[in-house]
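Q: quick one: sequence plus predicted model below, questions after.
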Amino acid sequence: MMRENPIWSNLRPVGIVFGDIGTSPIYALAITFSFIEKNPQNIAGVLSLIFWALIIIPSVQYSLLAMNLSLRGEGGEIVLWQILVSKIKEKSKFVGIFTLMSIIGISFFIGDAVITPSISILSSYEGLHFVSDISQEKVILLSVLTAFFLFALQRGGAGKVSVLFTPIMILWFVFLFLFGLIYILENPFVLSYISPHYALNFILNNPKEAFLSLSGVILCVTGAEALYADIGHLGKEPIRRSWFFFVLPSLVVSYFGQGAFLIKYGEGNPFFGHIKNLSEFFYIPSVVITTIATVIASQAVISGLFSVFYQGINIGIFPRLKIVHRSGEFRGQIYIGFINWVAFLLVLFMINFFRTSENIGHAYGVAVNIVMVISALFLISIYTVKRNYLFLLLSVLVLVVDSVFLYSNFHKIEEGGYISIIVATVPFLTILIFRMGQRKVYSVLKLISFQNFFEEYKRIYNSSVKISGKAVFLVRDTKNIPPYVMTIIRDIGVVYEENILMTITQTTTPFGIDFSIVNMDNNLRILKIEMGYMEILDITDIFSKLNVIPRTIFYGLEEVITRNPLLKIYSLIKKITPSFESFYNFPTSNIHGIVTKVEV
């Protein structure tokens, strides 16, 4: 078996993890200096703030503190929540608080995810303004068409071309580094702005402008959470090495090169200006590679969106949605059509509502900043429980920095930031209504304890004529049997020779599938399947391994009868989303649903 080239294995994350944060140089400085004046003092202060933001948030918060925590090698917001909940008492009042925080974090991640493709694609095409008299209307049209192509590609094509992502993004970061380096060599003094005293002087001497600039500087670290979220696919060390030895230097050199350009020329778009000023010949190719890089960045965000919804569905906080597994070879390569096209419509709205990348930038940052603050709070809580006081101290420092950035972003809410809050509110309310509806329905559902069920089952089984073959009954919990099972065997009188109670539960770990079957008296068997919340379940394969060939599979459906408007919404969600057996792809030829009316 051939070993993978170590250089390639350490660079592979470049095309998967760093698309979002790697395309921020296209617009971050331009948007920052739309808030404040472009003078040497402000440029020095902003560059210093950018450098330390890149050190504190991606490098310390995610690469050091978060990556030190994982479940079976997996990371992400949900994983931090799972780690934290596992370390405190199940009945602790803090479980509910941390769960609510996690739901808020997930919701704002979704709110942020529809902004990234909008600003990235739009900003890349705006580079055409510097070489032609193209109208903004045509730029918007090109952006919409590109977005449509990107989302249409998701169902089957994205995985086929993903092998090109890493070499293209490596070329992109080399491109950023080289153009930035040329300007730094002209003015090497700009590197002295790495010193934190420039940032401190900026804050102390120009507090208003420094405060406003922070709401632009935060754009330099959007996408930082991907460093931690993708460790399960690529490993901690390759991500860390590619970040510290390749991506981070490229970003720093690019930002400082753009800063050197602004110091020398005073005006113009920092990104496109510093390229066009050097070479008219390379400008059009640079716009092309910029556009491709933004598409790759958007692809990473969309994949992350699918992953978050899939995890949320499997741990029971989201309603089930139809999921297509795009690859039998790689875990996590999934497609959720409903989410894909809703996200496209929201991106379409963002592009047409804001119309320019600068306008989007004035609204961008609130949602992602809230996610960062929640992650920092989780880190503080986990390291407090673990009594790791050095990492606890660093986590507190990170929280302070994240909170200052968040406070600076509040002025963006009235400039359009409210859009991402509205978008985040939809999944937030959906989760709360869905969880509330589940609790209400199951609290009034007349569940039967297994002991009482088993006694009744034996009586019925011994006195009934049996149907040949095996019947599988899907249940949520084998300790409490739903009433539909008794409806079938007692009220309808359908009793098979062999009857199997089957339950599927998610574990707190991302991967791993365990199953077992226990034989009871009177040909009753209990089949338990435990699966990680990122696993893809093949029911037919498990049946085959256990030599279970069911003649019939039964499952229960609840018809909710209520006057409560929230529960009516819950009932509607249940009706329009896939049922249990559809979500797990049970064989359709012999499956039957039994409806139980529930008054709530």
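A: Arrived safely, thanks for sending.
Q: could you check how far the closest residue to residue 140 other than its chain neighbours is from residue 24?
A: If the residues on either side of it in the chain are set aside, residue 140 comes closest to residue 351, at 6.0 Å by C-beta to C-beta, 6 or more residues apart in numbering. Where you see a C-beta, it was placed from the backbone N, CA and C, and this is true even at glycine. Using C-beta to C-beta, to the nearest Å, residue 351 is found at 18 Å from residue 24.
Q: doesn't residue 118 make contact with the residue nearest to residue 140?
A: Yes. Using C-beta atoms under 8 Å, residue 351 makes contact with residue 118 at a distance of 5.2 Å.
Q: now the common contact residues for the two.
A: Residues touching both residue 351 and residue 118 by C-beta atoms under 8 Å, 6 or more residues apart in numbering: 143, 147.
Q: where does the residue nearest to residue 140 sit, in terms of helix or strand?
A: According to DSSP states H and E, residue 351 maps onto helix 337-354.
Q: now that helix, how far from the centre of its chain.
A: The chain centre lies 16 Å from the centre of helix 337-354; the measure is C-alpha atoms, centre = their mean, to the nearest Å.
Q: just checking, what packs against the very next helix or strand once past it?
A: Using DSSP H and E, the helix or strand that follows helix 337-354 in sequence is helix 357-361. With contacts taken as 3 or more C-beta pairs under 8 Å, 6 or more residues apart in numbering; DSSP states H and E, helix 357-361 sits against helix 28-32, helix 115-125.
Q: packed most tightly, which of the ones you listed would that be?
A: helix 115-125 (a mean of 28; mean count of other C-beta atoms under 10 Å).
Q: chain center to it: distance?
A: The gap between the average C-alpha position of helix 115-125 and the chain average comes to 18 Å, counting by C-alpha atoms, centre = their mean.
Q: show residues contacting it.
A: Outside helix 115-125, the residues that touch it by C-beta under 8 Å, 6+ apart are 20, 23, 26-27, 139-140, 142-143, 146-147, 150, 222-223, 287, 290-291, 293-295, 297-298, 301-302, 347, 350-351, 354, 356-357, 360-361, 363-364, 367, 420.
Q: make it 6 Å
A: 20, 23, 26-27, 139, 142-143, 146-147, 290-291, 294, 297-298, 301, 347, 350-351, 357, 360, 364, 420 (C-beta atoms under 6 Å, 6 or more residues apart in numbering).
Q: returning to that earlier point: and residue 351 and residue 24? Which one has more around it.
A: Between residue 351 and residue 24, counted using other C-beta atoms under 10 Å, residue 24 has the larger neighbour count: 28 against 24.
Q: show me what contacts that one?
A: 219, 220.
Q: tell me the pLDDT of it.
A: Here, the pLDDT recorded for residue 24 equals 95.
Q: look up how far residue 74 lies from it.
A: Counting by C-beta to C-beta, the gap from residue 24 to residue 74 is 26 Å.
Q: do residue 268 as well
A: 44 Å.
Q: between these two, which has more neighbouring residues?
A: Relative neighbour count places residue 74 above the other of residue 268 and residue 74, with 24 against 16, counting by other C-beta under 10 Å.
Q: ok, that one touching residue 232?
A: Yes. When contacts are counted by C-beta atoms under 6 Å, residue 74 is listed as touching residue 232 (3.8 Å).
Q: and residue 503, which of the three is it?
A: Look at residue 503: counting by DSSP: H, G, I helix; E, B strand; the rest coil, its state is strand.
Q: for it, name its beta-bridge partners.
A: residue 528 (DSSP bridges).
Q: from residue 155, how far out is it?
A: Counting by C-beta to C-beta, the gap from residue 503 to residue 155 is 32 Å.
Q: and those two? Which one has more around it.
A: residue 503 (16 against 12).
Q: who are the neighbours in contact with that one?
A: 475, 478, 528.
Q: tell me the buried residues within the residues you listed.
A: 475, 478 (16 or more other C-beta atoms under 10 Å).
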